[in-house]
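Enquirer: no letters, just coordinates:
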C-alpha cells in the first residue's frame, strides 16, 4: 500500500514529510533501496538519495551489508531513549513518592529539566497536604525552587552559565535574583547534595530537594518534599532529608545507577 501523502505546499515541509515517509517505509519493510523508495513515494531517485543521505548523516538510517540497501539506524534508538527515560522515571517514581508522601505527610514531587524550567512529572500528596496545588506538568523557575536549584547545580558549567545569564524573575521578597549569590548557593547545593527554598516561589511555601541520578551517574531529576512554612521550617526541612535522600537513592537504582562501593 502506498504511503504517499498530499503535498504540504511548502518546500521545507515537503522535505520533512518525505523524510518521515522514508522512515515509515523502512520501518515497515525492514530495509529498502533508493529505487524502491523512490517508486513508492513517487519521486525521482535523486530525491530519494538526498533524503537518505541526510537521514544517514543523523544516524537515523544506515546502509546494510547488502549494497544500496538501507535500514533504520541507531539514532532513532537514541531519540526514543530521551522520551522513554521520562516515561520510565515517572513509572518507577510513583510507588516511591506515594510511600514518601505517606511517611512525611507532605507533597512529594519529581521534577526534570525542560529548557530553562523545572517541570514536575510526578506528585504524591501526604495526609497533611490535601490543600496544596497540583504541580504535575507545570513549568517552574529553576532559581526559585528547591528542585530547580538541584538541577541547576548539576548542569555542565557552560549550560548553567547560559541559564543564569537570563534575567532572574522575582516572585516574592525572598526570591534570589542576584546571579553571583545564586552561583555561590548552587556550589553549596552541589557540595552538600540538597537544596531548599523558603517562600521563594510562593510566600509561605517551603521545600527541600535532592538529586536523582541516571545510569551514567548524571543527575536526571530532583526529588522534593514541600509544604507550608508553619509545618516545614528550616529544622523540619532538615528532618525530611534522610528519608528523601533514601528515596532518591532507590529511584536512582531503579533508573540503573549503581555507585561503586564507598561512593
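Expert: That came through fine. Worth saying up front: this structure is predicted, and the values here are computed from it rather than measured.

Enquirer: for this protein, which segments count as helices?
Expert: 11-29, 34-41, 45-57, 75-104, 146-153, 157-164, 179-192, 234-254 (DSSP state H).

Enquirer: okay, those helices, which one's buried deepest?
Expert: Of all the helices of the chain, helix 146-153 has the most neighbours on average by mean count of other CB atoms under 10 Å, namely a mean of 28. All C-beta spots, glycine's among them, are computed from the backbone N, C-alpha and C.

Enquirer: show me what that helix is packed up against.
Expert: The contact analysis (3 or more CB pairs under 8 Å, 6 or more residues apart in numbering; DSSP states H and E) places helix 146-153 against strand 107-114, strand 117-124, strand 139-141, helix 157-164, helix 179-192, strand 195-198, strand 205-213, strand 219-228.

Enquirer: make CSV from these and add distance to residue 49 and mean pLDDT to it.
Expert: Formatted as CSV, the helices and strands packed on helix 146-153 follow (distance: least, CB to CB, whole Å; pLDDT from 0 to 100):
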stretch, distance to residue 49, mean pLDDT
strand 107-114, 37, 92
strand 117-124, 40, 90
strand 139-141, 42, 88
helix 157-164, 37, 90
helix 179-192, 49, 94
strand 195-198, 52, 95
strand 205-213, 43, 95
strand 219-228, 39, 94
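
Enquirer: which one of these lies closest to residue 53?
Expert: Nearest of the helices and strands packed on helix 146-153 to residue 53, taken as CB to CB: helix 157-164 at 31.2 Å.

Enquirer: from the contact counts, what lies against the closest one?
Expert: Where contact means 3+ CB pairs under 8 Å, 6+ apart, helix 157-164 is packed against helix 146-153, helix 179-192.

Enquirer: so the first one versus helix 234-254, what angle?
Expert: When you say that, I think you mean helix 146-153. 60 degrees (axes from the mean of the first three to the mean of the last three CA atoms, to 10 degrees).
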